[in-house]
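**Student:** Dropping a prediction and its sequence here:
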Amino acid sequence: MTIVTGKIEARSSLQPGRSGVLRKIREHRADYAYVLPAIAVMLIVIAYPIYYTIELSFFNTPPGLQLRDKIFTGFDNYTAILTSQVFWKVTWNTLIWTLGSTFFSFVLGFATALALHRHFIGRGVLRAILIIPWVISAVAASYIWKWIYHSDFGIIGAVLVGLGWTARPPNFIDNVSTVLPSLIVVNIWREFPFAMIMMTAGLQTVPEQLLRAARVDGANAWQRFWHVTFPHLSNVSTVTILLLAVANFNSFIIPWIMTGGGPSNASHIWITHIYELAFGRQRWGVASAYSVLLFLILMTLGYFYVRALSGNERKEERA
Amino acid sequence: MSTIAGTAPRGQPRRRMRVDGWRWVGRIFLVFMVLYTALPMIWMLITSIKSGFAAMQFPPQWWPDAPTLASYQKLLDPQNSVGQDFLRFFWNSLFVSSVTTILSVIVAVPAAYAFSRFTFPGRNFLFFTVLLRNMFPAVIFLVPLFILMRALGLVNTHGSLILTYLTFGLPLAIWLLKGFYDNIPVQLEQAARIDGATRFGAFFMIVMPLSTPGIIATAIYSFIGAWNEYIYAYTFLSKNEQLTLPVGIQRFFSENTTDFPGLMAASFMMSVPVVLLFLVLQRYFVRALTEGAVKH
């Protein structure tokens, strides 16, 4: 945010003299008409809910949506959360889920973008096939994989038995130790194409002349990648990783449809847990307190996101 | 690039070895990724043409002994209650997604243009506020939005979904389009205005046509997002005849827990419209990202 004010000041200093903010706002009042619809929608659907969530997090709410009968309890909801064992279990799951999904989605997506960068016959078809998982609905993806992992008729189990690796088909998603990795595989399946698209777009902005110059200077493929291509993509990479991290942190559908958080919370992540607290057990106050904590974490991530984006902005302006 | 790779190694066999080494790593990797991506979808298709009995066998039939389109016929038959539901869900999804898409474009275009061209006070603050919407999960907004929608009388209407969906399409839409407008020289508009066009005229005649790929990309993104959205639809709608596909299919399946061929057929048909739309227009999407978001 400091960058933002800095920029505004820099602009206003271009027009010395009577430059009160109010005066500037008045001068530019027509400009606001363009952004007004967007801002209005955002205010209704964001600002009000955030305010309401914060308020609710300090109250105890009896089951049922009779929220008028809420009882003020101060920080009780927060202490209840932070002292519960489920909280730490779920937080650990969320960490593994977010980091694992983000890391592998990015690496696989980037590698695929690189492998598809050079022209060859059928490249467009391959790219199209690889993008499909990202486009189809997460609900469909969850059901497809649930069927693949099925403990009696699943195809992976059948292949493993056919190869003689196991006597009986393994139970992937009803097993405390394999459920989370199994779901992460599904999530990567859906997310790596996004990293691939972003990095494909990024690769197209790497100047060909630089690569040629590096080649003339005797750089091998790896050196060209490491010293020319990769530094050029640092900005796109940052934005991609942050977007992936946020999307993964906020995922809901895959764990919810495939396991509902089970068995014994082994695949509950923050979002599914909050949803269950609110809509399953009707503990709106606790769920809201969870949301506020989530909000604080996301604001921290958001700070880096905005910084990465405004890094882009500043570069644009200098260029 | 390919010409260089083709000509350079002729005199230098050593380098060819090295280049080929990387090429092979890339090829093997691509084969692996294509298998990872495609096999689950192929298995979905194969399962969808099995009978319920054939699907429940161990070891599985790799290719059904008696392939049948019965699951598809059932889903698409308006005489049948399953088909009636499915077609209705399909229509609901189409309606909600289309309206969301049109509204997103109408709202995002002027906003992105303003963020790109004008320097009003608070511009950056507002821009980042819009972007921050991306950060927050649906769950945070569910309870308050549900209450808000109830107050507005929108619960159990498609309006509640459209209003909500608008807001998650908007941030990326505005961001993408802003990048586009940043790259369109202001001089073009100035020239048009010198020739007598109004600000709006210049916008519609010069800027809009040049940003068409961005607008198309924005529209695809909004449409796919709305088509696939699950959690709000799951919470805001309770009447069967209003459900959209993701929730409808879930409800259908929770009543017929062993009908995997039917489920796979439904998953396939739910995916077809968005996949086709995306494949036809994907070059716009990549171009929009290249020219809008990624370029620096």
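**Tutor:** Thanks, I have the structure now. This structure is a prediction, so every number in the text was calculated from the model and none was measured.

**Student:** going forward, measure contacts and count neighbours with C-alpha atoms only.
**Tutor:** Fine.

**Student:** contacting residues for the residue in the stretch 51-200 of chain B positioned nearest to chain A?
**Tutor:** Per CA to the nearest CA, residue B:111 is where the stretch 51-200 of chain B lies closest to chain A, at 4.2 Å. Each residue near residue B:111 by CA atoms under 8 Å, 6 or more residues apart in numbering or on different chains is listed here: A:34, A:35, A:36, A:37, A:38, B:174.

**Student:** ok, the residues you listed vs residue B:206, which is closest?
**Tutor:** The nearest member of these to residue B:206, counting by CA to CA, is residue A:34 at 17.4 Å.

**Student:** and the gap between that closest one and chain B?
**Tutor:** 5 Å (CA to the nearest CA, to the nearest Å).

**Student:** Okay, and the residue of the stretch 51-200 of chain B closest to chain A sits in which element?
**Tutor:** helix B:81-117 (DSSP states H and E).

**Student:** Looking at the contacts of residue B:111, which is nearest residue A:220?
**Tutor:** residue B:174 (40.2 Å).

**Student:** list the buried ones in stretch A:261-277?
**Tutor:** Under the neighbour-count criterion of 16 or more other CA atoms under 10 Å in any protein chain shown, stretch A:261-277 has A:261-262, A:265-277 buried.

**Student:** ok so, going back, closest to residue B:233 out of the contacts of residue B:111?
**Tutor:** Looking across the contacts of residue B:111 and measuring by CA to CA, the closest to residue B:233 is residue A:38, at 22.2 Å.

**Student:** Now do the strand or helix carrying the closest one: everything it contacts.
**Tutor:** Assigned by DSSP H and E, residue A:38 belongs to helix A:29-42. Outside of helix A:29-42, the residues within contact range by CA under 8 Å, 6+ apart are B:107-108, B:110-115, B:118, B:120, B:126, B:130, B:133, B:163, B:166-167, B:170.

**Student:** State the mean pLDDT of whichever helix or strand comes after that helix.
**Tutor:** Counting by DSSP H and E, the next helix or strand C-terminal to helix A:29-42 is helix A:48-56. Averaging pLDDT along helix A:48-56 yields 82.

**Student:** With stretch B:166-183 instead?
**Tutor:** Average pLDDT, stretch B:166-183: 79.

**Student:** Can you see whether it contacts chain A, counting any residue in it?
**Tutor:** Yes - judged by CA under 8 Å from any CA of the partner chain, stretch B:166-183 comes into contact with chain A at B:166, B:167, B:170.

**Student:** so which of the buried residues of stretch A:261-277 are also by chain B?
**Tutor:** Answer for the buried residues of stretch A:261-277 near chain B (CA under 8 Å from any CA): A:271, A:274, A:275.

**Student:** Could you verify that the second one is part of a strand?
**Tutor:** No - according to DSSP: H, G, I helix; E, B strand; the rest coil, residue A:274 belongs to no strand; its state is helix.

**Student:** which non-adjacent residue is nearest it?
**Tutor:** Sequence neighbours aside, residue A:287 is the residue nearest to residue A:274 in space, at 5.3 Å (criterion: CA to CA, 6 or more residues apart in numbering or on different chains).
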